[in-house]
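Trainee: With the sequence up front, the predicted model follows.
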Amino acid sequence: MNIPLLDLKAQYQSMRSEILAAIEATCDEQGFILGPRVVALEQAVATYTGSAHGIGVASGSDALLLALMALGVKAGDEVVTVPFTFFATAGAISRLGAKPVFIDIRPDDFNMDPALLERAITKRTKAIIPVHLFGQCADMDAINAIARRHNIGVIEDACQAIGARQKGRHAGVLGDVACFSFFPSKNLGGFGDAGMVTTNDKALAESIAMLRVHGSRVRYVHEAIGINSRLDALQAAVLLVKLKHLDQWAEGRRRNAARYVQLFSEAKLADRLTLPAVGPDNFHVFNQFTIRVQKRDELRSYLKDQGVGSEVYYPLPLHLQNCYRDLGYQKGAFPQSERAAEEVLSLPIYAELSDEQLQYVVQTIASFYRKR
Ligand SMILES: *Cc1c(COP(=O)(O)O)cnc(C)c1O
């Protein structure tokens, strides 16, 4: 059997004609920069998340950059975030000359540990970026309470978490401003790069919309030094078609996650691996199904030989990256992030997986541990 980590071909085949028709209509219109399809997607994502405003941008990375810019983050400021995330979370902070200040994650859900937040805040702290890693929201009540006390902005890195909820509210309305990515491998993926910012704050929304077009509200009049970061109309056309199916795909991922839990428990692998923990307030959308395992790298290459794709998100925490040497963090600074980097393995979880495929993944892992 051959089971890639992610296979988008089946999803595409199921809506191929609708997507091609939307692309054709966009080409016929010849309006590729912002315009009605981008506005329609902005409104659709705002409505979907329950947010007042959506601003389409070129990528999730740019969404983070623009959110920080709109909050006034500049050189010399500090922004608190986690080292166990995709690089873009911290990269956006550094791009502005600000300093990422890392705090460790909780071992159960891999998200920011709010118990460590307060002591990381200084007079220079301008924002906090919790990441909703793998499709499950960070503990936003605790994070927001601390942020409010210090009058600091909260930016949700919701790039992996469109559709995720906490206490019934969607990722996208759980902080001051939220950032989404439509990179192809995300739960709502385009045919290239695209992203979105959501916020309930009208002034922030207007500021981000201004900053994404070189800081201009009126053409050729520039009130701030912004960037060029628009959501492409062709991507908007594709994403509008796919958004209608997002909840159904999330249900498929959740169903597969529940089936994995059942199969792993039947296989009696509890002492060999740790399954994802879902917080009682959380609706997890499983952008990744990430387990902790013993002999991770050996298992991964065994799975590969048996035709099962897997991936390590993420093998090197950001505080240990070469480009962040100057921040001065040493190995051992964030033990939970470092341990996670050594133990995690993400398994195929996409909605179209069959029960035979799920069984094969678990059987293959069981057979690996039987030999060891
Ligand atoms: C994907 C991702 C990003 C960046 O999004 P792009 O659209 O690839 O720029 C940022 N943060 C996290 C946590 C992500 O998973």
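Mentor: Looks like it arrived, so ask away.

Trainee: Could you measure from the closest residue to the ligand within the stretch 1-150 of the chain over to L231?
Mentor: Here the stretch 1-150 of the chain gets closest to the ligand at one residue, G60, 2.5 Å apart by Cβ to the nearest ligand atom. For every residue, glycine as well, the C-beta is placed using N, CA and C. Here the criterion is Cβ to Cβ, to the nearest Å. By it, G60 lies 11 Å from L231.

Trainee: quick one: common contacting residues for those two?
Mentor: Residues touching both G60 and L231 by Cβ atoms under 8 Å, 6 or more residues apart in numbering: G195.

Trainee: Contact residues of the stretch 101-250 of the chain facing the ligand?
Mentor: Proximity of the stretch 101-250 of the chain to the ligand (Cβ under 6 Å from any ligand atom) is limited to residues V131, D157, C159, Q160, S181, F183, D193, G195.

Trainee: what's the neighbour count on the residue of the stretch 1-150 of the chain closest to the ligand?
Mentor: Other residues near G60 come to 27 when the count uses other Cβ atoms under 10 Å.

Trainee: Pull the contacting residues for it.
Mentor: Residues near G60 by Cβ under 8 Å, 6+ apart: A88, D157, C159, C179, F180, S181, F182, F183, K186, G195.

Trainee: Not counting sequence-adjacent ones, nearest residue to it?
Mentor: S181 (2.6 Å; Cβ to Cβ, 6 or more residues apart in numbering).

Trainee: can you check P130 too?
Mentor: A138 (3.8 Å).

Trainee: ok, now which ones touch K304?
Mentor: Listed by Cβ under 8 Å, 6+ apart, the contact set of K304 reads S310.

Trainee: Phi and psi next, for it.
Mentor: Per-residue torsions, K304: phi -60, psi -50 (degrees, to the nearest 10).

Trainee: now the residue nearest to P130: how far from I105?
Mentor: 9 Å.

Trainee: Those two: which has the busier surroundings?
Mentor: A138 (32 against 26).

Trainee: check contacts around the more buried one.
Mentor: Applying Cβ under 8 Å, 6+ apart, the residues contacting A138 are D109, N111, M112, P114, P130, V131, H132, E156.

Trainee: Let's see the pLDDT reported for the fifth one.
Mentor: It refers to P130. Listed pLDDT for P130 reads 98.
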